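1. Just need the structure, nothing else, for what follows:
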Amino acid sequence: MINIVILAAGMGKRMHSDLPKVLHKLAGKPLVSYVIATARELLSDKLCVVYGHGGEQVPTQLAAPDIQFIKQEFQLGTGHAVQQALPFLNEALPTLILFGDVPLFKLSSLQKIIAAAGREKLGIITFNAMDMVGYGHIVRENGKPDGNILAIVEHKDATAEQRAISEVNTGIMVAPTIKLKQWLSALSNNNAQNEYYLTEVIAKAVEDNVEIIATQSEFWETIGVNNKKDLTELERFYQRNLGEALLEKGVTLIDSRRIDIRGNLQCGRDVIIDIDCIFEGDVTLEDGVRIDAHCIIKNAHIAKNSHIKPFCHIEESTVGAASEIGPYARLRPGTELSEEVHIGNFVEVKKSKMGAHSKANHLAYIGDTIIGKRVNMGAGTITCNYDGINKFQTIIEDDAFIGSDSQLIAPVTVGRGATLGAGTTLSKDAPAGQLTVSRVKQVSIADWARPIKK
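-> As a prediction, the model looks like this:
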């Protein structure tokens, strides 16, 4: 067990936003939510999130029974932020300190430093940077790579010699809680930023003859966000990793750099995904599914061998096997399609069920409707399900044929095998097996003249 403190109080001035930095989204989720998810896997005794900038937005969005939210009224540095959490920590356990704007640390990297530090040592995670600007430099005894760690010097406060040190601090730290309290109480803000640096506890540990352990991480784990440019670069990096993982599992991506996964995407065998598709929430693509370019799919299940054509929007819907959707189709929440259903261009379906082999190929609106098997919905057909206050259901039974430009005013039922003639406005049930037509008499006026513009 371990105490965990996540620092999430930074103002993020360079984000130029009223939204706290840690709530800006990576792949559809707040940055800090990744850190919290990893922290939960470490079996913490106490999970604390220190927030400040942005008022109550952080605890409001992230509220959970296992998180202790602590407000830092004034942002006076990382050391000061950790001080706010001290009264809530179990002194018998070590404390791990994480950062809400550094979301990609691997669980294994954190487990490694926790195990190395144990309950008596101070542990930090470092990496070798190509560009050291903005990082804290690791100062070791005699300047040797394996020398004892003496201090971490922030770049702004470092000498020219210290700035040449490529081993830098990630900010991740694990320390004995009782010692941490002592060290933090002795911090000074006599530095370029006039802040209380958490990194100063390294020198305090040296003074107390506490052994300092360092483990190394991969560079990509350490990527933090300071501005919108950083956020964009991190997004592309993260999405590229997700794309490469799909490729390794056998998914065909036409361009692995042009896919966005903002949730959990599960793919079967022989799935093909074209460019610029967005997957949100929980999406399942079964074997043989093909997703063409520029589709947005959210919380949906697409059964095997279905083909989603370009520019479709599918949300909280189920598509049956071997169905064809689009192009330019929209399936809204509550849509359930059986096998071999065809939904064509500029067709919108909402909270409706369609039976096997039914089709609506052109320019239709289907809302609050139950459609049976082998039903044809003609071009321009709409179900009039809303009277301005209440919504009503339309039922269309098996083998019905709905002619083009028909309006079905719910609640209404079209019987099995019935046919509606083109242009019908149906306000009463259509009997099974019969033709129902609703039209005004066609009239031609011989002496009529088209108006002339004055």
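2. Spell out which residues make up each domain of the protein.
-> 2-222, 249-350, 365-454 (automatic domain parsing).
3. distance between the shortest one and the chain's centre?
-> Its chain's average C-alpha position is 41 Å from that of domain 365-454, according to Cα atoms, centre = their mean, to the nearest Å.
4. Where does the residue lying closest to Tyr135 once chain neighbours are set aside sit: helix, strand or coil?
-> Nearest non-adjacent residue to Tyr135, counting by Cβ to Cβ, 6 or more residues apart in numbering: Val168, 3.6 Å away. To be clear about C-beta, it is placed using only N, CA and C from the backbone, and glycine gets the same treatment. Classification of Val168 using DSSP: H, G, I helix; E, B strand; the rest coil returns strand.
5. From Ile152, how far off is Val168?
-> Look at Val168 and Ile152: by Cβ to Cβ, to the nearest Å, they are 9 Å apart.
6. Glu244 too?
-> 34 Å.
7. now do Thr252
-> Thr252 is 47 Å from Ile152, by Cβ to Cβ.
8. follow-up on the earlier one: could you tell me the least trusted of the domains of the chain?
-> Lowest mean pLDDT of the domains of the chain: domain 2-222, a mean of 92.
9. Could you give the separation between the terminal residues of that domain?
-> Domain 2-222 has an end-to-end distance of 22 Å (criterion: Cα to Cα, to the nearest Å).
10. Report all helices and strands that the helix or strand hosting Ser109 contacts.
-> Per DSSP states H and E: Ser109 is located in helix 107-117. If you count contacts as 3 or more Cβ pairs under 8 Å, 6 or more residues apart in numbering; DSSP states H and E, helix 107-117 packs onto strand 94-99, strand 122-128, strand 167-176, strand 212-216.
11. 10 Å instead, please
-> strand 2-8, helix 31-40, strand 94-99, strand 122-128, strand 167-176, strand 212-216 (3 or more Cβ pairs under 10 Å, 6 or more residues apart in numbering; DSSP states H and E).
12. Need the winner for burial among the ones you listed.
-> Greatest average neighbour count among the helices and strands packed on helix 107-117 goes to strand 2-8 (a mean of 27), per mean count of other Cβ atoms under 10 Å.
13. circling back: okay, and the common contacts of Val168 and Ile152?
-> Taking Cβ atoms under 10 Å, 6 or more residues apart in numbering as the contact rule, Val168 and Ile152 both touch Thr126, Tyr135, Gly136, His137, Ile138.
14. First-to-last residue distance for stretch 391-410?
-> Termini of stretch 391-410 sit 8 Å apart (Cα to Cα).
15. going forward, begin numbering at 221 instead of 1
-> Understood, numbering begins at 221; the last thing we discussed is stretch 611-630.
16. List the buried residues in that stretch.
-> 613-630 (16 or more other Cβ atoms under 10 Å).
17. Wasn't Leu454 part of a helix?
-> Yes. The assignment for Leu454 is a helix, going by three-state DSSP.
18. That one against Pro323, yeah?
-> Yes. Leu454 lies in contact with Pro323 (Cβ atoms under 10 Å); the separation is 7.8 Å.
19. Quickly list what's touching both of the two.
-> Contact criterion Cβ under 10 Å, 6+ apart; residues shared by Leu454 and Pro323: Leu246, Ala247, Leu251, Ile443, Gly444, Val445.
20. and the first one, what does it touch?
-> What it means is Leu246. Leu246 neighbours (Cβ under 10 Å, 6+ apart): 252-254, 321, 323-324, 445, 451, 454-455, 457-459, 482.
21. Bridge partners for it, pull those for me.
-> Lys249 (DSSP bridges).
22. Could you report the distance from Gly470 to Asn581?
-> 32 Å.
23. Out of those two, name the residue with the larger neighbour count.
-> Taking neighbours as other Cβ atoms under 10 Å, Gly470 and Asn581 compare with Asn581 leading, 17 against 11.
24. Apart from its chain neighbours, what residue comes closest to that one?
-> Per Cβ to Cβ, 6+ apart, closest to Asn581 is Gly564, 3.5 Å.
25. strand partners of the helix or strand where that neighbour lies, parallel vs antiparallel please.
-> Using DSSP H and E, Gly564 maps to strand 562-565. When sheet partners are counted by DSSP bridges, strand 562-565 sits next to strand 544-545 (parallel), strand 579-582 (parallel).
26. helix, strand or coil for Gly501?
-> strand.
27. For it, give the beta-bridge partners.
-> Under the criterion used (DSSP bridges), Gly501 bridges to Gly483.
28. Tell me, how many residues neighbour it?
-> Gly501, neighbours per other Cβ under 10 Å, totals 15.
29. go on, Thr555?
-> 24.
30. residues in contact with it?
-> So, once contact is read as Cβ under 10 Å, 6+ apart, Thr555 ends up touching 520, 534-539, 563, 568-574, 586-587.
31. Filter those down to just the ones in helices.
-> Assigned to helices by DSSP state H, none of the contacts of Thr555 qualify.
32. one step back: out of the shared contacts of Val388 and Ile372, which are inside strands?
-> The strands, defined by DSSP state E, take in Thr346, Gly356, His357, Ile358 from these.
33. Using CSV, please lay out these together with distance to Ala652.
-> Below are those laid out as CSV (distance: Cβ to Cβ, whole Å):
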residue, distance to Ala652
Thr346, 77
Gly356, 79
His357, 83
Ile358, 82
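34. Where neighbours are concerned, which of the contacts of Leu246 has the most?
-> Most crowded among the contacts of Leu246, counting by other Cβ under 10 Å, is Val252 at 29 neighbours.
35. Restricting to C-alpha, output the strand holding Gly564 in CSV.
-> The C-alpha coordinates for strand 562-565 follow below in CSV (Å, rounded to 0.1, in the frame of the first residue of the first chain):
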residue,chain,number,x,y,z
HIS,A,562,-29.4,-1.1,-46.2
ILE,A,563,-29.4,2.6,-45.0
GLY,A,564,-28.5,4.9,-47.9
ASN,A,565,-27.4,8.5,-48.4
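36. Next, the buried residues of that strand.
-> Buried-residue list, strand 562-565, by 16+ other Cβ under 10 Å: His562, Ile563, Gly564, Asn565.
37. quick check, nearest of the residues you listed to Gln654?
-> His562 (25.5 Å; Cβ to Cβ).
38. what's near enough to touch the closest one?
-> Here His562 is in contact with 527, 543-546, 549, 574, 577-581, 596-597 (Cβ under 10 Å, 6+ apart).
39. The same query, at a cut-off of 8 Å, please.
-> When contacts are counted by Cβ atoms under 8 Å, 6 or more residues apart in numbering, His562 touches Ser543, Glu544, Ile545, Ser578, Lys579, Ala580, Asn581.
40. okay if I get these as a markdown table plus distance to Glu420?
-> Below are these laid out as a markdown table (distance: Cβ to Cβ, whole Å):
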| residue | distance to Glu420 |
| --- | --- |
| Ser543 | 62 |
| Glu544 | 64 |
| Ile545 | 59 |
| Ser578 | 70 |
| Lys579 | 70 |
| Ala580 | 68 |
| Asn581 | 70 |
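41. quick check, nearest of the residues you listed to Gly608?
-> Distances from Gly608 to those, taken by Cβ to Cβ, are shortest for Ala580, at 24.7 Å.
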